[in-house]
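[1] no sequence for this one, just the structure:
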């Protein structure tokens with residue numbers, strides 16, 4: 001049995017953070033097509049202006 005946490009996603013940003021040894025956490029949510037920052041902010045429970053889109 002593995003003690004390693006299940007990996008959720010990989011992006012250029014998460015690759016960079018891992019390579020630099022930066023600590024971060026993943027917060028998965030249900031994807032909604034064309035939902036944009038309003039959906040991600042709702043699902044993550046943060047203000048919409050706090051969402052950064054690259």
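    Nice, thanks for sending it over. Just so it is clear, the model here is predicted, and its values are computed rather than measured. Numbers count the residues shown, from 1 in each chain.
[2] what's the burial count for residue 23?
    5 (other CB atoms under 10 Å). The C-beta positions use only the backbone N, C-alpha and C, and glycine is treated the same way.
[3] how near is it to residue 48?
    25 Å (CB to CB, to the nearest Å).
[4] now residue 31
    Relative to residue 48, residue 31 is positioned 17 Å away (CB to CB).
[5] those two - which one has more neighbours?
    Shown here are residue 31 and residue 48; by other CB under 10 Å, residue 48 has more neighbours (12 against 9).
[6] need the helices for the protein, in chain order.
    All helices of the chain, identified by DSSP state H, fall at 12-20, 36-44.
[7] quick one: buried residues of the last one?
    Along helix 36-44, the positions that meet the burial threshold by neighbour count (16 or more other CB atoms under 10 Å) are 39-41.
[8] got the contact list for that helix?
    For helix 36-44, contacts defined as CB atoms under 8 Å, 6 or more residues apart in numbering pick out 27, 29-30, 32, 47-48, 50-51, 53.
[9] quick one: mean pLDDT for that helix?
    Averaging pLDDT along helix 36-44 gives 90.
[10] would you mind listing where the chain has pLDDT under the threshold?
    Along the chain, the parts satisfying pLDDT under 70 run over 1-7, 53-54.
[11] go again using 80 as the cut-off
    1-9, 52-54 (pLDDT under 80).
[12] related to what we said a few turns ago, tell me the one of the buried residues of helix 36-44 nearest residue 18?
    residue 40 (21.6 Å; CB to CB).
[13] mind checking how far the closest one is from residue 10?
    Taking CB to CB, one finds residue 40 at 18 Å from residue 10.
[14] equivalent analysis for residue 37, please.
    Applying CB to CB to residue 37 and residue 10 gives a distance of 21 Å.
[15] not counting its neighbours along the chain, what's nearest residue 8?
    Closest residue in space to residue 8, ignoring its immediate chain neighbours: residue 26 at 4.6 Å, by CB to CB, 6 or more residues apart in numbering.
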